[in-house]
Every structure is written in structure tokens, then in C-alpha cells.
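Undergrad: this is a predicted model, with the sequence first.
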Amino acid sequence: MEKTEQLLERAVESQKKAYAPYSKYHVGAAILSENDNVYSSCNVENASYPCGICAEAGVISAMISGGDKQIKAILITSDGNELVYPCGACLQRIAEFSNENTKIYLAKSNEIIKEHKITELLPYNFTL
Ligand code: THU
């Protein structure tokens with residue numbers, strides 16, 4: 001199976017497991033790491049709304065705890081007809097582990113619709 005197909009499958013699988021009783025908006029994300037490992041996660045909401053975690057934050061945690069440090073590709077999928085673009089905080093999270101070759105795929109209905117670079121979505125990320 002192609003790596004992008006695998007990413008899509010894993011993101012959709014995770015999206016189905018999203019815990020989103022408040023927004024009812026289910027997001028799935030999957031990462032292909034520099035070592036060709038695939039990680040996935042979903043959004044996890046909380047009755048105390050700001051405690052909720054985006055799917056991208058979850059999948060980055062999974063990648064780091066899995067021992068990888070670079071994102072080769074990240075795919076995000078969600079409910080509804082509109083594509084979900086990562087929120088500002090998640091763009092900063094993605095930027096931390098990305099480079100110019102990192103691909104950001106946005107998917108809908110089991111299909112990749114858009115491909116971006118992090119510098120297109122967050123041209124001036126914060127660095128130390
Ligand atoms: N959400 C994500 O998981 N990723 C994003 O990039 C945008 C928003 C989640 C957070 C919340 O659980 C739900 O979508 C509605 O905002």
C-alpha cells in the first residue's frame with residue numbers, strides 16, 4: 001500500500017474514535033515520520049472546553065513518544081464538506097517538527113484534496 005494511502009486510512013480510522021461530544025466535530029490526523037513510521041490520533045474534548053486536545057497535537061505526541069522527530073507528511077481529515085486547516089497553535093506545533101519537504105495533506109471523504117508546505121500556512125513561525 002502506498003504511504004499516502006496508509007496515512008489516509010489511519011487518519012480516517014482515528015477520526016472515527018474522536019471524543020467530541022461537545023462540538024460533535026470529529027478530526028483525525030496521521031503522520032509519516034522520517035523513519036517511515038505511521039502514527040495517528042484524533043481530537044479529545046473535555047467538559048472544561050480549553051482542556052480539549054486537537055488531533056494534530058495528539059499525533060505529534062504519539063510521534064515523539066514513538067521515538068521519531070521529523071514529519072515527512074501529516075494528513076488531517078474531518079467531518080463536513082469544508083476542509084479542516086490546522087488551527088494556529090497546531091501550525092506552530094507542526095512547524096517544530098517540519099522542514100521544507102514536509103507535506104501537509106488535507107483530506108475529505110477518503111480523498112486527499114490539498115497539499116501544502118508549512119511555510120505556506122505559517123510563514124513566520126516562532127523559533128528560539
Ligand atoms: N480541532 C482539531 O482537532 N484540529 C484542528 O486543527 C482544528 C480543531 C478540533 C478541536 C475541537 O475538538 C473540534 O475540532 C472543534 O473545534
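TA: Great, that's in hand.

Undergrad: please enumerate the helices of the protein.
TA: 3-15, 55-65, 88-96, 118-121 (DSSP state H).

Undergrad: I'd like the average pLDDT over the second one.
TA: Spelled out, it's helix 55-65. What helix 55-65 shows for mean pLDDT is 98.

Undergrad: which elements pack onto it?
TA: Applying 3 or more C-beta pairs under 8 Å, 6 or more residues apart in numbering; DSSP states H and E, one finds that helix 55-65 contacts helix 3-15, strand 27-33, strand 38-42, strand 71-78, helix 88-96. Backbone N, C-alpha and C define where each C-beta goes, glycine included.

Undergrad: and those as TSV, adding mean neighbour count?
TA: Converted to TSV, these look like this (neighbours: other C-beta atoms under 10 Å):
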stretch	mean neighbour count
helix 3-15	19
strand 27-33	27
strand 38-42	24
strand 71-78	24
helix 88-96	17
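
Undergrad: distance to N110 added to the helices of the chain, as JSON lines?
TA: Shown next, in JSON lines, are those (distance: least, C-beta to C-beta, whole Å):
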{"stretch": "helix 3-15", "distance to N110": "6"}
{"stretch": "helix 55-65", "distance to N110": "16"}
{"stretch": "helix 88-96", "distance to N110": "22"}
{"stretch": "helix 118-121", "distance to N110": "23"}
